[in-house]
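Engineer: Just the structure for this:
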Amino acid sequence: MTFYAFAKLVVGGILRIGFRFRVVGAEKVPRTGGLIVAANHISNFDPPILGVAMPRPVSYMAKKELFPIPVLRWMLPRLNAFPVDRAAGGTAAIRASLRMLKEGRCVGIFPEGGRNLTGTNEEKAGAAFLAAASGAPVVPAAIVGTRRLRPFGRVTVIFGEPLHVERNRQSDGADLEKGATEIMQRIRALEESNR
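Structural biologist: Next comes the predicted model:
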């Protein structure tokens, strides 16, 4: 058993016993081929929660500052995390993501660019860019219940229908902004459907 599978089993058990965890729409997630899963991001617990909900392994970008920390240096690569240098624009992480998508893997993205504690973060075009450049579908996902995570509270992950982002090579990038907006609107609609 890989460390990823072991961690998923342990975290899944904790979520099911302590947080009334449920997953809605997992059947909408393609089981094979390159895939982007795009979710809202409120809590540091969102990446492992999304990983448990996903029916297939997910690779995540994580800020490079986490990788020198001794325990995380060993753990993060085994949890399919790879570093992104946000100060440098993240081009190496984008290239790594495109390579993974070409290999048929699943890449997890938080389009708000980081934890959105106030609900006012603007969506970034990264997920739309990866989808357009790779041809991989994007599955929107809403993580609900992590804003005030407490034992025996409900945590829900809701998956939506996959969507594709097309890019017109002659455009000025407006199609990517439109794609990014659509992805975030779908995530917000999934959040609202749980209220």
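Engineer: Can you spell out which helices and strands pack onto the helix ranked longest in the chain?
Structural biologist: Taking DSSP state H as the criterion, the chain has its longest helix at helix 174-193. Counting contacts by 3 or more Cβ pairs under 8 Å, 6 or more residues apart in numbering; DSSP states H and E, helix 174-193 is packed against strand 35-39, helix 126-134, strand 138-144, strand 156-159. For every residue, glycine as well, the C-beta is placed using N, CA and C.
Engineer: Surely P48 and V11 touch.
Structural biologist: Yes: in this structure, P48 is within contact of V11 by Cβ atoms under 8 Å, at 5.1 Å.
Engineer: Which of these two has more residues huddled nearby?
Structural biologist: Neighbours per residue, other Cβ atoms under 10 Å: of P48 and V11, the larger number sits with P48, 19 against 16.
Engineer: can you confirm the more buried one is in a helix?
Structural biologist: Yes: with DSSP: H, G, I helix; E, B strand; the rest coil as the criterion, P48 is located in a helix.
Engineer: Enumerate every residue touching it.
Structural biologist: 7, 11, 79 (Cβ atoms under 8 Å, 6 or more residues apart in numbering).
Engineer: For K8, see how far away the last one is.
Structural biologist: I take that to be L79. Note on L79: its distance to K8, by Cβ to Cβ, to the nearest Å, is 9 Å.
Engineer: overlap in contacts of these two?
Structural biologist: Shared contacts of L79 and K8, defined by Cβ under 8 Å, 6+ apart, are found at G51.
Engineer: show me what contacts Y4?
Structural biologist: 57, 78-80.
Engineer: returning to that earlier point: which of the contacts of P48 lies closest to R150?
Structural biologist: Distance to R150, by Cβ to Cβ, is smallest for V11 among the contacts of P48, at 16.7 Å.
Engineer: tell me the SS of that closest one?
Structural biologist: Under three-state DSSP, V11 comes out as helix.
Engineer: Help me confirm that it comes into contact with L50.
Structural biologist: No: with contact defined as Cβ under 8 Å, V11 does not reach L50; the gap is 10.7 Å.
Engineer: check contacts around K28.
Structural biologist: K28 neighbours (Cβ under 8 Å, 6+ apart): 139, 159-162.
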